Each structure stands twice: as C-alpha cells, then as structure tokens.
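Visitor: Take a look and give me a structure for this.
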Amino acid sequence: MRLTRDGRSEDQAENQAANRETLTSSDGTFSFGGVAPGAFQLTVTSEGFATQLLSGTVHSGETDTLPPVTLILAAASTSVRVVAPQWEVAEDEIKTQEKQRLLGVIPNFYVSYIPDAAPLDAKQKFELAWRSTIDPITFALTGALAGIEQADNTFSGYGQGAQGYGKRFGAAYADTVSGTFIGGAILPSLLRQDPRYFYKGRGSVRSRVFYAIANSVICKGDNQRWEPNYSGVLGSLAGGAISNLYYPASDRSGVALTFENTGIGIGETAVTNIFQEFVVRKLTPSLRHNPAKNNSPAEP
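Guide: The predicted model follows:
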C-alpha cells in the first residue's frame, strides 16, 4: 500500500515527504495514522494482480474508512512458437528436390535451391540415394551408355551380343549405385556431411564460378559449416576400387589409375557445378515456374 498526498495543496517537497507505505495484515486490513488533512491517493499493489488506485479527501480529526478493495489478475501475455522437427523440414525439402528434373525429364535430386536447407539425417541420405538409383531415367541413361560402349567395343573382355551388353549394363549400373550410395549416403552419414550442391544464384559471374569450382572439394557439414568434402573424394576412390571386382581383368585400373580417375572426377564435378549454377535452373520447369523459391547466397 502506498498513500500519496495530492501536491495541489502542498509543495512538491512536502508531498514527497508525505508519501507513506504499509503492508496489509493477514486478513487484508490496513491503516495509516496521523495523515495530514487534504486530498490523498491510495495505490494498492500485489504481485500478479493489476494495480488499483483510489483517491479521496480526509479532514482534520476525521477517520476515513475506505470500501473493500478487490484486486483482479493482471493481464498476461503468452507467446507460443511452434517449430517443426528438423527431420520433418528436411523431408518436405527432399520432396521438392525430387521434382527437380532437367528439361522435365533428367533427375536433378542432389541440388538444393534453399541455401539454409535443413541437414539430412542418415535415413534421408539413404532414401535420396535409393530414389536416385531406381529412377527410370537412371536405367535408361545406363542402358544408353552400355549401348555406346558396346558399339565402341569398350571393355572388350565382355564380348559382344546380348551377353556382352548385359555385362556392360550391369557394370555401368554398379558404378552408378556404388558411387551414389558410398559418396552420397554411407560416407556422408558416417562423416556427417551433406552430399548436395547448394545453388548460389547471386553475385558476380566470377564469384559464382569460383563458388561452383570450390564446391567440388568442399561441402556443408550437418552442422551447416563448410568443410573439406571427404565424402565425395573418398567415395570416388572407393568406387574405383570396387569396380575392379567386376570389370574385365584387362580393363581393371591399378591404384595409380584409380587416383588419377578420382582427380578427373573432381574436375568433372567442378564443371557440372558450373553447369548447375548457370544453366540447369533455367531448364528445370518446376523451378522456372516458382520464382518465389529462396535464392539467397550460400557462401562457402
């Protein structure tokens, strides 16, 4: 409780001196003794309740009894922020990625046009790899590659005819599966790295070219920080080593050639990234028709 004298009848110093405070008893009663005559204002406060103000005038020799004071609960403001689980956000973003097809046909699942996309968990990395390897276009492109190899008699140890074509198709598809799963799911899960390319889309041509090239040897970790792309490099090496199990003996590459092919693969990735940065988006209908897609820079 605070009793304040109205300053209209006394100067400010006297008014401040007349301010008095007290606490109510257990039954809620209170009193102020020796109050100087004149106008007063009573302020009633309690934690969690709205402040009440009462005013009146007390005359000389008068005892003034105030009516009961009822406090009401103070207005409370509560804000609730609902945030979807990280895996759920990533799942929605993957569904969008799986609609990305160059010219509306060729899968382009491993590119994110959201620079701050939610990191994938291990299960999602494997699901993305599986979705990519079983896509009908993947089988069609593998079949076309096997046909070209047969026409050029590449890997002559496989022979010709249907049997030779089948072996070439199997080897080419095994390359795709091992490369996708090792470099895009197994190692990224173990090393906690994101196998996707994050489209930059802004800045000068020079900065975007350097960004695309850099992304052949660096990647985002699941912690959203840029780091060396161990998954991609080791995945290429592992894929080359595994291919020695099913290619003809005369066409198997040694350790030196495996490292050489890995270096060539890194260069090919850099070129592919540049192609992604400047061409693919324009040739992807689902993106061209969605100008609201987040295009913020994703600097390494």
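
Visitor: where exactly do the strands run in the stretch 201-300 of the chain?
Guide: Using DSSP state E, counting those that start in this stretch, the strands of the stretch 201-300 of the chain run over 218-220, 226-228.

Visitor: Let me have the ones you listed in JSON lines, extended by mean neighbour count and distance to L145.
Guide: All C-beta atoms are positioned from the backbone trio N, CA, C, and that covers glycine. Shown next, in JSON lines, are the strands of the stretch 201-300 of the chain (neighbours: other Cβ atoms under 10 Å; distance: least, Cβ to Cβ, whole Å):
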{"stretch": "strand 218-220", "mean neighbour count": "21", "distance to L145": "26"}
{"stretch": "strand 226-228", "mean neighbour count": "14", "distance to L145": "30"}
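
Visitor: and of these, who's closest to Q97?
Guide: In terms of Cβ to Cβ, the element of these nearest to Q97 is strand 218-220, at 14.7 Å.

Visitor: Show me the contact partners of the closest one.
Guide: By Cβ atoms under 8 Å, 6 or more residues apart in numbering, the surrounding residues in contact with strand 218-220 are 119, 193-196, 198, 226-229, 231-232, 300.

Visitor: before we move on, back to that, as a markdown table, the strands of the stretch 201-300 of the chain with distance to D152 and mean pLDDT would be great.
Guide: Formatted as a markdown table, these follow (distance: least, Cβ to Cβ, whole Å; pLDDT from 0 to 100):
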| stretch | distance to D152 | mean pLDDT |
| --- | --- | --- |
| strand 218-220 | 34 | 94 |
| strand 226-228 | 36 | 95 |
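
Visitor: May I see those strands arranged in JSON lines, with distance to I266 as well?
Guide: Output for these, formatted as JSON lines (distance: least, Cβ to Cβ, whole Å):
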{"stretch": "strand 218-220", "distance to I266": "11"}
{"stretch": "strand 226-228", "distance to I266": "12"}
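
Visitor: I'd like the next helix or strand past the helix or strand bottoming out on mean pLDDT in the chain.
Guide: Ranked by mean pLDDT, DSSP states H and E, the weakest helix or strand in the chain is helix 12-18, scoring a mean of 47. Next along the chain after helix 12-18, taking DSSP states H and E as the criterion, comes strand 20-21.

Visitor: other SSEs contacting that next one?
Guide: Here strand 20-21 touches strand 2-5, going by 3 or more Cβ pairs under 8 Å, 6 or more residues apart in numbering; DSSP states H and E.

Visitor: quick one: which helix or strand includes E62?
Guide: Applying DSSP H and E, one finds E62 in no helix or strand.

Visitor: cool, P68 as well?
Guide: Assigned by DSSP H and E, P68 belongs to neither a helix nor a strand.

Visitor: From D121, how far out is the residue lying closest to A122 once chain neighbours are set aside?
Guide: Distances taken as Cβ to Cβ, 6 or more residues apart in numbering place S189 nearest to A122, at 3.9 Å, with adjacent residues excluded. Going from S189 to D121 by Cβ to Cβ, to the nearest Å gives 8 Å.

Visitor: Those two: which is more packed in?
Guide: Ranked by neighbour count (other Cβ atoms under 10 Å), S189 and D121 place S189 first, with 19 against 16.

Visitor: pLDDT at the more buried one, what is it?
Guide: You'll see S189 listed with a pLDDT of 96.

Visitor: any idea how far V80 is from R202?
Guide: In this structure, R202 and V80 are 35 Å apart, going by Cβ to Cβ.

Visitor: Can you tell me how far I134 is from F181?
Guide: For I134, the distance to F181 - Cβ to Cβ - is 12 Å.

Visitor: go on, L66?
Guide: Distance from L66 to F181, by Cβ to Cβ: 82 Å.

Visitor: Specify which residue of those two has the higher count of neighbours.
Guide: Each of L66 and F181 has its neighbours counted (other Cβ under 10 Å); F181 has more, 19 against 11.

Visitor: element containing that one?
Guide: Short version: F181 belongs to helix 161-181, going by DSSP H and E.

Visitor: tell me what the very next helix or strand once past that helix is packed against?
Guide: Per DSSP H and E, the first helix or strand lying C-terminal to helix 161-181 is helix 187-191. In terms of contacts (3+ Cβ pairs under 8 Å, 6+ apart), helix 187-191 is packed against helix 122-133, helix 230-243.
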